[in-house]
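*Asks:* Here is the input, now give the coordinates:
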Amino acid sequence: MKYSTCAPVIAYIGLGSNLAEPVSQIKSARTAIATIVGVQELAFSSLYHSLPMGPQDQPDYVNAVMCVATGLLPMDLLHCLQNIENDQGR
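*Replies:* Coordinates of the predicted model:
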């Protein structure tokens with residue numbers, strides 16, 4: 001799919017998982033995001049564990065933040081990220 005572009009901007013993407021090997025999920029998402037045409041990874045945080053919000057009878061979360069430079073329009077970037085979530089069974 002072809003997306004519209006704009007002047008490059010810095011974007012921060014929050015990543016989180018608490019099911020099906022969360023660390024592997026985060027690493028897989030990072031790799032997939034870095035392969036989006038028009039997106040360049042600039043930095044990636046450490047992995048952080050956090051307690052779940054809401055029901056406490058679920059596993060802790062693993063979270064991270066990815067900093068990217070992108071020329072994609074915001075809705076196009078969101079669409080790409082949602083496709084990655086869908087591909088990973090979210």
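*Asks:* Low-confidence stretches in this structure?
*Replies:* For the chain, the stretches with pLDDT under 70 are 1-2, 4-5.
*Asks:* what about the residue nearest the centre of it, which SS state?
*Replies:* What sits nearest the mean C-alpha location of the chain, by C-alpha atoms, centre = their mean, is Leu15, with 4.6 Å. Three-state call for Leu15 (DSSP: H, G, I helix; E, B strand; the rest coil): strand.
*Asks:* Surely it and Val65 touch.
*Replies:* Yes: between Leu15 and Val65 there is a contact under C-beta atoms under 8 Å: 7.1 Å. All C-beta atoms are positioned from the backbone trio N, CA, C, and that covers glycine.
*Asks:* returning to that earlier point: mind listing what the residue nearest to the centre of the chain touches?
*Replies:* Contact partners of Leu15, counting by C-beta atoms under 8 Å, 6 or more residues apart in numbering, are Ile26, Ala29, Arg30, Asn63, Ala64, Val65, Met66.
*Asks:* Show me which parts of stretch 22-42 are buried, residue by residue.
*Replies:* Pro22, Gln25, Ile26, Ala29, Arg30, Ala32, Ile33, Ile36, Gly38, Val39, Glu41 (16 or more other C-beta atoms under 10 Å).
*Asks:* from these, which two are the most distant?
*Replies:* Pro22 and Gly38 (27.4 Å; C-beta to C-beta).
*Asks:* Where strands are concerned, which of the buried residues of stretch 22-42 count?
*Replies:* Val39, Glu41 (DSSP state E).
*Asks:* I'd like the buried residues of stretch 22-42 as a markdown table, with distance to Gln88 appended.
*Replies:* Shown next, in a markdown table, are the buried residues of stretch 22-42 (distance: C-beta to C-beta, whole Å):
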| residue | distance to Gln88 |
| --- | --- |
| Pro22 | 11 |
| Gln25 | 6 |
| Ile26 | 10 |
| Ala29 | 7 |
| Arg30 | 12 |
| Ala32 | 8 |
| Ile33 | 11 |
| Ile36 | 14 |
| Gly38 | 20 |
| Val39 | 17 |
| Glu41 | 18 |
